[in-house]
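# output the structure for:
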Amino acid sequence: MRGIKHPLTNEIYEVSDDGRTVIVDGKSGSGVFTFSGEWISGDLKVADEHLCGWLGSERGENRFRDTDNRTRRMS
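Model prediction:
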């Protein structure tokens, strides 16, 4: 999966293996959301809709294409 840590909540936002949903894991549980941030299932009922949308966008796809990009430091 490809994902990113939310800068304020420290939750991990990852795109599912099938590329259709966002999986959010945090201290209070996990949840599955659409790219528009709508809840599908899980303990977490609310997600950052902007981050979900970014992960589902073309830019998000390119940013997380491989693990080298995921760990690269931005200057």
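
# any idea which element Leu55 lies in?
helix 49-56 (DSSP states H and E).

# what comes up buried for that helix?
Residues 51-52, 54-56 are the ones in helix 49-56 that count as buried (16 or more other Cβ atoms under 10 Å). Where C-beta positions appear, they are placed from N, C-alpha and C, glycine not excepted.

# and which of those is nearest to Ile40?
Each of the buried residues of helix 49-56 was checked against Ile40 using Cβ to Cβ; the closest is Cys52, at 11.1 Å.

# wait, isn't the closest one in contact with Thr34?
Yes - the criterion here is Cβ atoms under 8 Å, and Cys52 meets it with Thr34 at 7.1 Å.

# how about Glu11, nearest residue that isn't a chain neighbour?
Leaving aside its chain neighbours, Glu11 sits nearest to Gly26 (3.7 Å; criterion: Cβ to Cβ, 6 or more residues apart in numbering).

# got a list of what Tyr13 touches?
Counting by Cβ atoms under 8 Å, 6 or more residues apart in numbering, Tyr13 touches 3-6, 22-24, 47-48, 51-52, 55.

# and with 7 Å instead?
3-4, 6, 22, 24, 51-52, 55 (Cβ atoms under 7 Å, 6 or more residues apart in numbering).

# could you do Asp43 as well?
If you count contacts by Cβ under 7 Å, 6+ apart, then Asp43 has 28-31 around it.

# can I have the buried ones of those as a PyMOL selection?
Selection of buried members from the contacts of Asp43 for PyMOL, criterion 16+ other Cβ under 10 Å:
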select buried, resi 31
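
# inside strands: which ones of the contacts of Asp43?
Applying DSSP state E to those, the entries found in strands are 29-31.

# the residue positioned nearest the centre of the chain sits in which helix or strand?
Of all residues in the chain, the one closest to the mean position by Cα atoms, centre = their mean is Tyr13, 2.7 Å from it. Counting by DSSP H and E, the element that carries Tyr13 is strand 12-15.

# mind giving me the packing neighbours of whichever helix or strand comes after that strand?
Sequence-wise, the next helix or strand downstream of strand 12-15 (DSSP H and E) is strand 22-26. For strand 22-26, the elements it packs on are strand 12-15, strand 29-33, judged by 3 or more Cβ pairs under 7 Å, 6 or more residues apart in numbering; DSSP states H and E.

# sweet, I'm off.
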